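Novice: Predicted coordinates and the sequence they were generated for:
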Amino acid sequence: MEYEEYLQMMKMVNFLHLRQGADSAQGDDTSKLKTLIAEWVNREFKPNHPVDSDNKHSCGFSNDACGRLLCRAEFDWNNPAIKAGIQDRSEGYIVTDLSFLVFLYDKYQSNLDDLEEGLFKGRILLQGYKAVFMLPSSAKDIEGDGDGADVIQNNRLAKKSSTGIKVKKHVAQIIKMRKVTPRSIAYIACQVRLALSSVTS
């Protein structure tokens, strides 16, 4: 085997190890958020049929709270005709991967004249973000009006406790994430959507 072939093979082995680690982390995030989001939805919306993190049939459009959060921003989930159209996947009511969903918005409400207003400030989205990139306990304190600067502040605070003893690093610190990025928002949005939906994988 020539040296160039050896280097190419080593790069491939390293890539496979990195990919395996990334897949494992993604699976951990999915599992963590599935449980946390069920708790948050049940606490905030108090649905008649609670979301069960171990039963995907309790999620999605068959669950009133999950359906409301997964509804397209331009629709009113409380309108029985719209709710039926979405649940039946009727033409004009289908929720796609290109839809702006209610859970993405501040106070779960969108401005139809300006769909960017309040976008990516939904409480559950922010809680999911903090649970994955900070610590699950940090997801309890959500105001929804930040600009991502708290990532930097939390990185500083995580370096040392008040006694000067190093504390456990969180994901944002480990990956040297200094600010909220579009890629990290997209990742969490996908994870939250999966947790709210009845889709199993």
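Specialist: All right, it came through fine.
Novice: Quick check, I124 in contact with A38.
Specialist: No - look at I124 against A38 with Cβ atoms under 8 Å: they stay out of range, at 10.9 Å. C-beta: built from backbone N, CA, C; applies to glycine.
Novice: Can you pull the phi/psi pair for D114?
Specialist: Dihedral pair for D114: phi -150, psi 90, per degrees, to the nearest 10.
Novice: Can you report how many residues neighbour it?
Specialist: Using other Cβ atoms under 10 Å, D114 is surrounded by 9 other residues.
Novice: pLDDT value on A22, please?
Specialist: Note on A22: pLDDT of 49.
Novice: actually Q109, not the one I wrote
Specialist: 95.
Novice: For the nearest residue to it once chain neighbours are set aside, what are phi and psi?
Specialist: Spatial nearest neighbour of Q109, chain neighbours left out: G118 (7.1 Å); criterion: Cβ to Cβ, 6 or more residues apart in numbering. G118 adopts backbone torsions of phi 80, psi 0, taken as degrees, to the nearest 10.
Novice: hang on, the earlier thing: of I124 and A38, who's got more company?
Specialist: Between I124 and A38, I124 has the larger neighbour count (other Cβ under 10 Å), namely 24 against 21.
Novice: Setting aside sequence neighbours, what's the nearest residue to the more buried one?
Specialist: F103 (5.3 Å).
Novice: To which secondary structure element type does that neighbour belong?
Specialist: helix (DSSP: H, G, I helix; E, B strand; the rest coil).
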